[in-house]
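J.: let me see the structure of the following:
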Amino acid sequence: MPEQRFRILLVEDNPGDAFLVRTLLEETDESFDIQHCSDLASAMEILNGTGPEAQVDVVLLDLTLPDSSGVETISRVRSCTNVAPVVVLTGHKDEELAFEALQYGAEDYLTKEFPDGRTIRRSIRYAIERSRAERALKESEERYRKLVELAPELISVLSGEEIVYMNQQGLTILGANDSEQLIGRSFMEMVHPSSRETLEEYITRYRNGYSGRADFTIICQRQEGDNVELEVSAIAFTHEGAPAMLMLAEDVTEKRKVERQLVQTSKLATLGEMAASVAHEMNQPLNVIRMAADTCALQYDLDAVKPAFQRERLALISGQTERMSEIIKHLQIYSRPDDDDFAPFDVMKAVERAVDMVEHDCRLSGIVIDVVPPPKRCFVNGRQVQLEQVLVNMLSNARDAINENGDDPGSIGGLIRVCVMVDEKRKRLKLAVNDNGGGVPEAAIDLLFHPFFTTKDVGKGTGLGLSVSFGIIEAMGGGIDVRNEGDGACFEITLPLADLAIPEQGGLSDATLDDGWQSTVPANANGRGNIRILVVDDELDAMEIISGYLEAQGFNVSAASNGEDALAIAGIVQPDILITDIRMPQMDGNTLVKELRERNPTLPVIVMTGHPGDAQRPVEDDEITDAPVMVMSKPLNLKELMATLDELSEVFTT
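T.: Coordinates of the predicted model:
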């Protein structure tokens with residue numbers, strides 16, 4: 001290995017001092033190559049050069065030269081192209097000058113009363129090693145700075161709420177042009193109101209000395225006005241000697257959008273698979289309605305009408321219509337995108353509805369679904385329809401597994417057990433779905449929750465159900481575990497219980513147990529004839545039934561089958577109350593309401609709709625008005641309609 005030789009540039013105008021330095025260094029037996037300059041200009045020419053002689057390991061610099069003196073000499077040497085560590089040589093024992101020299105960039109300070117060469121050698125080696133360490137540190141800092149600036153995540157340092165650092169990706173994510181727009185501002189200003197409490201909690205933790213890691217999700221508002229969802233990982237940091245918080249955040253806005261689309265795709269695929277079951281559920285009440293109507297008509301044909309029998313059958317028809325309405329309403333809720341915020345809900349309601357959706361298909365396959373409820377009502381935070389989606393998927397998979405296993409010799413009847421258990425100590429809920437379908441292949445257990453992985457035959461599964469289910473349960477703060485148990489599989493969902501006070505059951509009043517409608521004629525019934533109601537529905541049968549019913553109850557009624565005719569009628573006789581469908585050809589309900597309210601801004605409106613989206617925003621009106629807008633879902637409950645009209649009628653009779 002070749003011997004390492006240090007190149008020294010000695011800048012000294014005194015020949016005697018230069019000779020002494022050379023002599024002392026030679027006595028140390030070190031390998032030094034010394035180049036001597038007697039003025040600063042010559043030294044700077046060497047240090048600004050491009051050849052090998054310009055590469056110097058250390059500069060021994062006198063501060064009193066013909067062309068430069070004082071600590072400014074250090075700055076001029078360090079401004080050269082090839083920077084080398086500087087050791088100052090001076091004939092003055094001045095500690096203040098020594099300190100000032102170090103401030104200007106010198107690595108060490110030596111007086112010219114050299115005791116021996118070892119002192120100079122030690123100072124030279126120290127200067128070289130320190131310079132190398134500083135250079136390595138700067139290079140390391142530069143590498144990490146570039147890594148931070150090129151990182152695809154937002155990286156920020158918060159001192160309290162104040163932003164003291166933000167990388168380039170953070171500027172891009174938050175919609176800022178440069179760091180000056182954000183540095184010194186409160187990060188809370190950019191956080192959506194719904195997330196401020198979450199961020200404030202963690203800022204307080206780190207301000208009070210918390211040193212652990214934290215993971216949370218917040219929503220920020222860009223300067224353009226749109227929102228961005230961030231998954232944040234935070235850890236303790238020190239800024240200017242005070243506790244701070246280092247945040248690394250990933251923009252998951254598009255990821256969440258794709259996840260919602262996958263959830264929706266999975267739900268619609270499940271509905272498609274259950275089409276036969278849904279048709280059966282609808283045919284059951286339709287069959288009852290048809291037979292009840294036929295038996296009523298038969299009495300008329302035989303001229304043997306019995307009022308009590310007719311009333312009983314009509315009540316049966318009304319009840320079965322309500323049953324169909326509930327089925328349709330639940331399918332509409334199940335199929336629409338999940339935009340509602342998390343809220344506490346009763347787990348057993350989700351279990352019961354999920355079982356209802358698959359029970360018919362299971363019954364046709366000879367499969368029994370056994371539900372074991374918890375000893376008391378329990379609530380979790382989330383979206384009920386999403387837990388239903390997870391359970392429907394698991395129940396459908398269990399049914400398919402049992403059907404596939406049913407061909408095996410010795411197989412017994414199919415059984416799916418849904419068991420809900422509560423762990424009071426850990427405040428957790430466990431929801432287990434067991435089947436006797438032969439279990440999951442051991443090699444597939446670790447892959448079940450991967451997107452597009454399926455154990456079903458080609459064309460019988462999308463491979464999205466369990467993957468989407470895993471994401472739904474994880475978002476609710478829980479997890480899913482799968483294992484083989486007995487002669488089948490067990491899927492176990494674990495969720496945190498909602499901190500909710502559950503009211504005691506019982507103690508219901510007689511009014512609650514009743515259907516809620518008045519059995520006597522209301523006090524304002526005599527004034528109904530003074531109230532003009534306009535009924536608008538493009539379904540002629542529905543329009544005639546509603547109009548006839550209201551006329552029989554004493555109201556003054558006008559009717560139209562479209563918006564244009566309704567406007568014409570209102571031009572002749574102005575209505576006191578409008579009852580209208582929303583989705584109609586030619587002129588829809590929204591346009592009709594807007595036109596009529598230009599004539600009468602206080603006109604009360606009752607909207608009839610069979611579409612769930614109309615219930616969220618029944619009347620599109622840019623102007624806020626105090627006039628009431630009430631929504632009633634189809635199929636219409638005429639008793640409920642009467643109760644609503646009587647409430648509105650009080651305005652006209654008082």
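
J.: what is the mean pLDDT for stretch 478-491?
T.: When pLDDT is averaged along stretch 478-491, the result is 87.

J.: typo on my end, it should be stretch 21-38
T.: On average, stretch 21-38 scores 80.

J.: and it, end to end?
T.: 14 Å (CA to CA, to the nearest Å).

J.: and that stretch, what's buried?
T.: Neighbour counts over stretch 21-38 (16 or more other CB atoms under 10 Å) mark 21-22, 24-25, 28, 30, 32, 36-38 as buried. C-betas here are computed from N, CA, C, even on glycine.

J.: for those residues, which one is nearest His360?
T.: Of all the buried residues of stretch 21-38, His360 sits closest to Glu30, with 94.6 Å by CB to CB.

J.: where do the strands sit along the stretch 551-654 of the chain?
T.: Secondary structure of the stretch 551-654 of the chain, counting by DSSP state E, counting those that start in this stretch: strands at 556-560, 577-581, 605-609, 629-633.

J.: looking at those strands, which is closest to Met44?
T.: strand 629-633 (85.0 Å).

J.: helices or strands up against the closest one?
T.: In terms of contacts (3 or more CB pairs under 8 Å, 6 or more residues apart in numbering; DSSP states H and E), strand 629-633 is packed against strand 605-609, helix 612-616, helix 638-653.

J.: could I get the buried residues of stretch 21-38 as TSV with secondary structure?
T.: Shown next, in TSV, are the buried residues of stretch 21-38 (DSSP: H, G, I helix; E, B strand; the rest coil):
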residue	secondary structure
Val21	helix
Arg22	helix
Leu24	helix
Leu25	helix
Thr28	coil
Glu30	coil
Phe32	strand
His36	strand
Cys37	strand
Ser38	coil
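
J.: want to try CSV for the residues you listed, with distance to Ile546 as columns?
T.: Listed next are the buried residues of stretch 21-38 as CSV, based on distance: CB to CB, whole Å:
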residue, distance to Ile546
Val21, 112
Arg22, 115
Leu24, 114
Leu25, 111
Thr28, 112
Glu30, 109
Phe32, 109
His36, 112
Cys37, 108
Ser38, 113
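
J.: quick revisit: and the strands of the stretch 551-654 of the chain: which comes nearest Asp423?
T.: Comparing the strands of the stretch 551-654 of the chain by CB to CB, strand 629-633 comes nearest, at 38.9 Å.

J.: quick check: mean pLDDT of the closest one?
T.: Strand 629-633 carries an average pLDDT of 84.

J.: what angle do that strand and strand 577-581 make?
T.: 40 degrees (axes from the mean of the first three to the mean of the last three CA atoms, to 10 degrees).

J.: what pairs with strand 629-633, parallel or antiparallel?
T.: Each strand that pairs with strand 629-633, with its direction, by DSSP bridges: strand 605-609 (parallel).

J.: buried residues in the partner strand, which are they?
T.: Applying 16+ other CB under 10 Å to strand 605-609 flags 605-609 as buried.

J.: for the one helix or strand Arg353 maps to, packing partners?
T.: Per DSSP states H and E: Arg353 is located in helix 347-364. If you count contacts as 3+ CB pairs under 8 Å, 6+ apart, helix 347-364 packs onto helix 275-301, strand 367-372, helix 384-405, strand 414-423, strand 428-435.

J.: any chance of the ones you listed in JSON lines, with distance to Val86, mean pLDDT and mean neighbour count too?
T.: As requested, the helices and strands packed on helix 347-364 are arranged in JSON lines below (distance: least, CB to CB, whole Å; pLDDT from 0 to 100; neighbours: other CB atoms under 10 Å):
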{"stretch": "helix 275-301", "distance to Val86": "85", "mean pLDDT": "72", "mean neighbour count": "14"}
{"stretch": "strand 367-372", "distance to Val86": "83", "mean pLDDT": "90", "mean neighbour count": "16"}
{"stretch": "helix 384-405", "distance to Val86": "69", "mean pLDDT": "84", "mean neighbour count": "23"}
{"stretch": "strand 414-423", "distance to Val86": "70", "mean pLDDT": "90", "mean neighbour count": "18"}
{"stretch": "strand 428-435", "distance to Val86": "67", "mean pLDDT": "91", "mean neighbour count": "22"}
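
J.: any idea which of those gets closest to Ile480?
T.: helix 384-405 (8.1 Å).

J.: I'd like the buried residues of strand 605-609 as CSV, with pLDDT and distance to Met348 appended.
T.: As requested, those are arranged in CSV below (pLDDT from 0 to 100; distance: CB to CB, whole Å):
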residue, pLDDT, distance to Met348
Val605, 91, 37
Ile606, 91, 34
Val607, 89, 33
Met608, 84, 32
Thr609, 79, 30
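
J.: list the contacts of stretch 171-191.
T.: Outside stretch 171-191, the residues that touch it by CB atoms under 8 Å, 6 or more residues apart in numbering are 154, 156, 158, 161-166, 170, 196, 199-200, 218-224, 228, 230, 249, 251.

J.: coming back round to it: now the helices and strands packed on helix 347-364 in a markdown table, with distance to Gln181?
T.: Shown next, in a markdown table, are these (distance: least, CB to CB, whole Å):
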| stretch | distance to Gln181 |
| --- | --- |
| helix 275-301 | 54 |
| strand 367-372 | 57 |
| helix 384-405 | 39 |
| strand 414-423 | 49 |
| strand 428-435 | 45 |
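
J.: so which of the ones you listed is nearest Glu240?
T.: Nearest of the helices and strands packed on helix 347-364 to Glu240, taken as CB to CB: strand 428-435 at 43.1 Å.

J.: what packs against that closest one?
T.: Judged by 3+ CB pairs under 8 Å, 6+ apart, the packing partners of strand 428-435 are helix 347-364, helix 384-405, strand 414-423, strand 488-496.

J.: could you rerun that using 10 Å?
T.: The elements that strand 428-435 packs onto, with contact taken as 3 or more CB pairs under 10 Å, 6 or more residues apart in numbering; DSSP states H and E, are helix 347-364, strand 367-372, strand 379-382, helix 384-405, strand 414-423, strand 479-485, strand 488-496.
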